[in-house]
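[1] just need the structure, nothing else, for what follows:
(2 chains)
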Amino acid sequence: MAFRRTGEVTWELAPEGGMLVPGRVFASEALFAKAESDRALDQVVNVAHLPGIVEASFAMPDIHWGYGFPIGGVAATDVEAGGVVSPGGVGFDICCGVRLLASNLDEAAFRRHQKAIMAELDARVPRGLGKGAIAGRRLLEAVLERGAAAVLDAGFGEPRDLERCEERGTSEGADPSTVSERARERGGGQLGSLGAGNHFLEVQVVDRIEDAEAAGAFGLAAGMVTVMIHCGSRGLGHQTCTDQLAEMGRAMSRHGIEVPDRQLACVPVRSMEGERYLGAMAASANFAWANRHVLADGTRKAFAAAVGTTKLGMDLVFDVAHNLAKIERHPVNGKERTLCVHRKGATRAFGPGHPELPGDLRKIGQPVLIPGSMGTASWVLRGVENNPVFDTAAHGAGRLMSRKKAKQEQTGVEVKRGLEEQGIMVRPGSVRLLAEEAPYAYKDVDEVIDVCARAGLAAPVARLRPIGVVKG
Amino acid sequence: MTRYETLDHTADTGIIAYGANLGEVFENAAFGMFDLAFDLSAVPAAEERQIEVEAQDLGELLVAWLSELLAIGEIDDLVFSSFQVAEIGEGRVAGVAAGSPSRGIELVGPPVKAVTFHDLEVAEAAEGWRARVIFDV
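    Next up, the predicted model:
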């Protein structure tokens, strides 16, 4: 296997063996060298075997070794030409994503209230093994059906929140009947909780504006305090993927499909099993939209309680998913096709003029949220025209170091002290877990953003610097 | 004999579990999965759950067994620390898992979200059996 550099930030592997399309990676020299150091590129090759795949098996600049798809992997299949859907192209944390709120506080105002704000967030954000703040079977059923709209009706958040959420917080085609009773039992009580691992709630400050017009349209300005929430569909999504993968493994042979990795199990989109998966995935995505919506509501309440006023802005900038498969129309070889676009650790990035964007953002393009690691910058970008990967951009810094190695470098207590020395308040559910998520375990997010810009995946709008972290 | 070792996987976590026989490798894989997130030496086997799953091949059976333990632990808020396989064949495993309520037990690693098929292996080795499994965390 020999990838060839075909441009400043593009690397390509011509089809070999059973590959149906080339492999194409967007990376700088340094980022590509990191991708070569583990098995992520083998996974780009494996994905190129998926029946119906078009153009290429793509990877974003934050590519790293995952299971099935690489993290940062993007593949689109032609639905009308037997194209498949693969749960491995979505992952277990269905509709994991990022939500950003913009307050009207500046850093000095935050510093005046920081102890109270962090204490309120600490008390109000369920995380780790913690269950959510709300439960109830009737609400759960409504959430599976209608996503964020259901929790809005139940009194959480505000109507504008839906305008600023990918798919308006309700995934099309959700079929709650395909979500198992076990998934409901496992995840039902976790609505409104953050979880653990790399998920977080972070207080940040806008430290640089790269595109003033777009920043203005997104409601962002230099010096403004923001809150970023990163989490997904919790146990409900994990169980749904587990259930669907077991079913799909058996169905695959009926469809005469073979794949190089069992985790890439797939069936045609236009099949009973394919439709079942997409229905279950959309219902789980609805759980995730609703989960982030409820967490944002709790965040607003925490800030209001700590500062003593509800007039803090706290408007939703946007909410994006980075683990989803979607049926979208894109041109392939000059012809519009209906594609099933898998984004596994990759963010949808619609450019200006896209009809699915809210009216006031249509001129600018979709906000694209790319979190860095704990203690380093995060970014807001915007979608651009002529994106070369079915309107997709990166999703994060991308891990550099295994969890095992990260823990050998420093203890959680040392990581916490290091962050606090930089003026970042940390409220971990468990201090020991911090070591695995330490800043040095991740790639440099600024370099990922630079490649996104140079490759025409998205354009930088604002850089956000962390000042407070809440983790599982 | 080492019950399990952790593997270096960039984003997630994997283990290699060992056992004198197939049943033991299933027990030790389950132990490893929970031991990644909790200090199991401090978790008494106070509550029991019967576990029984079926699958088409050994790899699938291991994934089903571990996935079942994960789901039941999360639903019943239990951390399992002790595992006993009573019966195991190509297509079926039955046994008992025991542990304690998760409330108040500190996380020492991120809890496993799911059991993947990626790089999965259950095989007879020079001495007994070994299984490699990658978790999504």
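
[2] center of chain B, which residue is that?
    Centrality entry for chain B: nearest residue to the mean C-alpha point is B:A30, 1.5 Å, by C-alpha atoms, centre = their mean.

[3] residues in contact with whichever strand or helix holds that one?
    According to DSSP states H and E, B:A30 maps onto helix B:22-35. For helix B:22-35, contacts defined as C-beta atoms under 8 Å, 6 or more residues apart in numbering or on different chains pick out B:3-4, B:6, B:15, B:17-19, B:40, B:58, B:62, B:65-66, B:69-70, B:73, B:79-85, B:88, B:93, B:95, B:97, B:99, B:112, B:115, B:122, B:128-131, B:133, B:135. The way it works is simple: take the backbone N, C-alpha and C, and place the C-beta from them, glycine included.

[4] in strands only, show me the residues you listed.
    Counting by DSSP state E, these place B:4, B:6, B:15, B:17-19, B:79-85, B:88, B:93, B:95, B:97, B:99, B:115, B:122, B:129-131, B:133, B:135 in strands.

[5] give me the subset of those residues touching chain A.
    B:6, B:115 (C-beta under 8 Å from any C-beta of the partner chain).

[6] buried subset of the ones in strands among the contacts of helix B:22-35?
    Buried by 16 or more other C-beta atoms under 10 Å in any protein chain shown: B:4, B:6, B:15, B:17-19, B:79-83, B:85, B:88, B:93, B:95, B:97, B:99, B:115, B:122, B:129-131, B:133, B:135, out of those.

[7] per-residue pLDDT, the residue of chain B found nearest chain A?
    Closest to chain A within chain B is B:H118: 3.4 Å, counting by C-beta to the nearest C-beta. The model reports B:H118 with a pLDDT of 93.

[8] do I have it right that A:C165 meets A:L316?
    Yes: between A:C165 and A:L316 there is a contact under C-beta atoms under 8 Å: 7.1 Å.

[9] common neighbours of the two, please.
    Common neighbours of A:C165 and A:L316 (C-beta under 8 Å, 6+ apart) are A:R99.

[10] and A:E273, helix, strand or coil?
    Classification of A:E273 using DSSP: H, G, I helix; E, B strand; the rest coil returns helix.

[11] which strand or helix spans A:R250?
    Here A:R250 is assigned to helix A:234-254, by DSSP H and E.

[12] tell me what B:P101 is bridged to.
    Counting by DSSP bridges, B:P101 forms beta bridges with B:L78.

[13] if I look at it, how far off is A:G128?
    15 Å (C-beta to C-beta, to the nearest Å).

[14] so which of these two has more stuff around it?
    Using other C-beta atoms under 10 Å in any protein chain shown, the more surrounded residue of B:P101 and A:G128 is A:G128, with 21 against 13.

[15] just checking, that one is part of a helix?
    No: under three-state DSSP, A:G128 sits outside any helix and is assigned coil.

[16] give me the number of residues near the closest residue to it other than its chain neighbours?
    Using C-beta to C-beta, 6 or more residues apart in numbering or on different chains and skipping residues adjacent in sequence, the residue nearest A:G128 is A:G429, 3.7 Å away. For A:G429, the count of nearby residues is 21 (other C-beta under 10 Å).

[17] check what pLDDT A:G429 gets.
    87.

[18] cool, A:A133 as well?
    The model's pLDDT for A:A133 equals 67.

[19] show me what the helix or strand bottoming out on mean pLDDT in chain B is packed against.
    Least confident element among the helices and strands of chain B, by mean pLDDT, DSSP states H and E: strand B:4-8 (a mean of 90). Using 3 or more C-beta pairs under 8 Å, 6 or more residues apart in numbering or on different chains; DSSP states H and E as the contact test, the elements touching strand B:4-8 are helix A:403-409, strand B:13-19, helix B:22-35.

[20] could you see whether chain B lies near the following helix or strand past the first one?
    Under the assignment DSSP H and E, the closest C-terminal helix or strand after helix A:403-409 is helix A:412-421. No: Helix A:412-421 stays out of contact with chain B when judged by C-beta under 8 Å from any C-beta, the minimum separation being 9.6 Å.

[21] leaving out the residues flanking it, which one is nearest to the closest residue to chain B within the stretch 1-150 of chain A?
    Across the stretch 1-150 of chain A, the shortest distance to chain B (C-beta to the nearest C-beta) belongs to A:Y67, at 3.4 Å. Once flanking residues are discounted, A:Y67 sits nearest to B:H118: 3.4 Å by C-beta to C-beta, 6+ apart.

[22] list the contacts for that neighbour?
    A:66-68, A:261-263, B:134.

[23] would you mind writing the ChimeraX command to select the buried ones in those residues?
    To isolate the buried ones among these in ChimeraX, judged by 16+ other C-beta under 10 Å, type:
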select /A:66,67,68,261,262,263 /B:134
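
[24] quick check: the farthest pair among the contacts of B:H118?
    A:G66 and A:R262 (14.1 Å; C-beta to C-beta).

[25] just the contacts of B:H118: which are in strands?
    Per DSSP E, strands hold the following members of the contacts of B:H118: A:66-67, B:134.

[26] which one of those is nearest A:R300?
    A:G66 (33.6 Å).

[27] roughly how far does that closest one sit from A:V44?
    11 Å.

[28] can you count the residues close to A:F32?
    Residues lying near A:F32 (other C-beta under 10 Å) number 22.

[29] contact partners for A:G279?
    A:173-175, A:177-178.

[30] how does it look with 6 Å?
    The neighbours of A:G279, taking C-beta atoms under 6 Å, 6 or more residues apart in numbering or on different chains as the test, are A:173, A:175, A:178.

[31] now it: how far from B:D39?
    A:G279 sits 40 Å away from B:D39, going by C-beta to C-beta.

[32] in chain A, which strand has the most residues?
    Max-length strand for chain A by DSSP E is strand A:459-471.

[33] now for it, which elements pack on it?
    strand A:200-209, helix A:212-218, strand A:378-382, strand A:425-428, helix A:445-454 (3 or more C-beta pairs under 6 Å, 6 or more residues apart in numbering or on different chains; DSSP states H and E).

[34] do you know which of those lies nearest A:P159?
    helix A:212-218 (18.6 Å).

[35] which residues touch that closest one?
    A:209, A:317, A:364, A:367, A:382, A:461-462.

[36] cool, stretch A:117-135 as well?
    Here stretch A:117-135 makes contact (C-beta under 6 Å, 6+ apart) with A:189-194, A:196, A:201, A:298, A:302, A:305-306, A:425, A:427, A:429, A:468, A:470, A:472, B:102, B:107.

[37] ends of it, what's the gap?
    End-to-end span of stretch A:117-135 (C-alpha to C-alpha, to the nearest Å): 25 Å.

[38] could you check the angle strand B:78-88 makes with the longest helix seen in chain B?
    Across chain B, the longest stretch assigned as helix under DSSP state H is helix B:58-75. Interaxial angle, helix B:58-75 versus strand B:78-88 (axes from the mean of the first three to the mean of the last three C-alpha atoms, to 10 degrees): 150 degrees.

[39] and the helix or strand bottoming out on mean pLDDT in chain A, C-alpha only, in PDB?
    None of the helices or strands of chain A scores lower by mean pLDDT, DSSP H and E than helix A:403-409, at a mean of 89. What follows is helix A:403-409, C-alpha atoms only, in PDB (Å, rounded to 0.1, in the frame of the first residue of the first chain):
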ATOM      1  CA  ARG A 403      -5.000   6.000  26.400                       C
ATOM      2  CA  LYS A 404      -2.500   3.700  28.000                       C
ATOM      3  CA  LYS A 405       0.500   5.900  26.900                       C
ATOM      4  CA  ALA A 406      -1.300   9.100  28.000                       C
ATOM      5  CA  LYS A 407      -1.700   7.700  31.500                       C
ATOM      6  CA  GLN A 408       2.000   6.900  31.700                       C
ATOM      7  CA  GLU A 409       2.900  10.500  31.000                       C
END
